[in-house]
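Engineer: Predicted model and sequence below, questions to follow.
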Amino acid sequence: MWKVQIWCVLIFTTGFGSSEALLAASEYALDTEKSSLYFVSTKQIHVVENHHFTDLSGSISDTGANLIINLSSVETGVEIRNQRLRDLLFEVNAFNEARVSLPVDLDNLAAQTIGSTQTRNSSATLSLHGVSSDIDAELLVTKLSDSTIMVQNAAPILLGAGDYNFTSGIDALRNIANLDVISYTVPVNFTLLFNKQESR
Ligand code: UQ8
C-alpha cells in the first residue's frame with residue numbers, strides 16, 4: 001500500500017505523467033532535407049572548395065544526441081573525385097560511416113524559450129576512419145518552435161587529417177590528381193534541424 005502512496009505523491013508533486021514530463025522523455029529526429037554538413041578542401045595553396053554529404057541521419061534522446069554521416073554520400077561536384085574520396089580517403093568498404101555523439105540535457109532543451117539561442121561549449125566524440133576521438137565545439141542551439149531545434153557550429157571546426165589517419169589518403173588524392181599540395185586541415189560547418197517525434 002505504501003508503494004502506491006509513494007507513486008501517487010511522485011505523480012502529483014513532480015508532474016510525472018504531465019505534458020512537461022512527456023516532453024522531457026520525447027525524442028527528436030534529424031530533418032534530413034533541411035540539415036547540411038559541409039567541409040572545405042584547399043589545394044595548390046589558393047584553390048578552396050566546398051563539399052558536402054547528402055546522406056545524414058541523427059537523433060536527440062535522453063541518452064544523448066548523435067549524428068551519422070554516410071561517407072559514401074560525399075558530393076564534391078566532380079563524380080570521379082567523389083569516387084576517389086570514397087576509395088582512397090574514406091575507404092568506405094571498411095569505414096562507411098562517421099558518427100558523432102554527445103550528451104544532451106533534454107530538460108534544459110524543453111525549458112528553452114522559443115526563438116532563443118543558447119551557446120554551448122560541447123565535447124563530442126567523433127568516430128571516423130577507425131578512430132574515436134573527442135572534439136571541442138562551440139554550438140548554437142536555437143529553439144525554432146515547440147517541436148523544432150536547430151544546432152549549428154558557432155565557428156568552423158578544424159579537423160586535422162592526421163588525427164583520423166587521413167594523411168596517406170590525402171597524399172594519394174594529391175598524387176592521382178597530379179597536385180603539389182592539398183591541405184591536411186579541413187574546416188567543417190553544419191546546420192542540423194531536429195523535429196520532435198510523437199510521444200511514445
Ligand atoms: C541539442 C544538441 C546540443 C544537439 C547536438 C546535435 C549534434 C549531433 C551535433 C553534432 C556536433 C558536432 C561536434 C559535429 C561534428 C561534425 C564533424 C566534425 C564531422 C566530420 C565530417 C567529415 C567526415 C568531414 C570530412 C573530413 C576529411 C578529412 C575530408 C578530407 C577533405 C579533402 C582534403 C579533400 C581533398 C579534395 C581534393 C582537393 C581532391 C583532389 C582532386 C582529385 C582527387 C580529383 O580526382 C579531381 O578531379 C579529376 C580533382 O579536381 C577536380 C581534385 O581536385
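Structural biologist: Here it is on my side, so go on.
Engineer: alpha carbons only for contacts and neighbour counts from here, please
Structural biologist: Fine.
Engineer: got any ranges where the protein has weak pLDDT?
Structural biologist: 1-26, 199-200 (pLDDT under 70).
Engineer: what does this structure have sitting close to the ligand?
Structural biologist: 39, 41, 43, 65-67, 78, 80-81, 84, 98, 100-101, 104, 124, 137, 151, 157, 161, 170, 173-174, 177, 182, 186, 188 (C-alpha under 6 Å from any ligand atom).
Engineer: In helices only, show me these.
Structural biologist: 80-81, 84, 170, 173-174 (DSSP state H).
Engineer: In a markdown table, list those along with neighbour count and distance to Asp146.
Structural biologist: Written out in a markdown table, the entries for these read as follows (neighbours: other C-alpha atoms under 10 Å; distance: C-alpha to C-alpha, whole Å):
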| residue | neighbour count | distance to Asp146 |
| --- | --- | --- |
| Ile80 | 10 | 43 |
| Arg81 | 15 | 41 |
| Arg84 | 17 | 43 |
| Ile170 | 21 | 43 |
| Leu173 | 20 | 45 |
| Arg174 | 17 | 47 |
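Engineer: Looking at those residues, which one is closest to Leu144?
Structural biologist: Checking those against Leu144 by C-alpha to C-alpha gives Arg81 as the nearest, at 36.8 Å.
Engineer: any idea how far Leu102 is from the nearest residue in space to Asp136 that is not next to it in sequence?
Structural biologist: Across the structure, with C-alpha to C-alpha, 6 or more residues apart in numbering as the measure, the residue nearest Asp136 apart from its sequence neighbours is Ser123 (4.5 Å). With distances taken as C-alpha to C-alpha, to the nearest Å, Ser123 is found 7 Å from Leu102.
Engineer: What of Lys143?
Structural biologist: Counting by C-alpha to C-alpha, the gap from Lys143 to Leu102 is 18 Å.
Engineer: about what we covered before: now the ones in helices among the residues of the chain next to the ligand as TSV including distance to Ser147?
Structural biologist: What follows is these, written out as TSV (distance: C-alpha to C-alpha, whole Å):
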residue	distance to Ser147
Ile80	40
Arg81	38
Arg84	40
Ile170	41
Leu173	43
Arg174	45
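Engineer: Between which two of those is the distance greatest?
Structural biologist: Across these, the two members that end up farthest from each other (C-alpha to C-alpha) are Ile80 and Ile170, 15.2 Å apart.
Engineer: so Phe194 bridges to which residues?
Structural biologist: The bridge-partner assignment for Phe194, based on DSSP bridges, gives Leu30, Ile149.
Engineer: Alright, that wraps it up for me.
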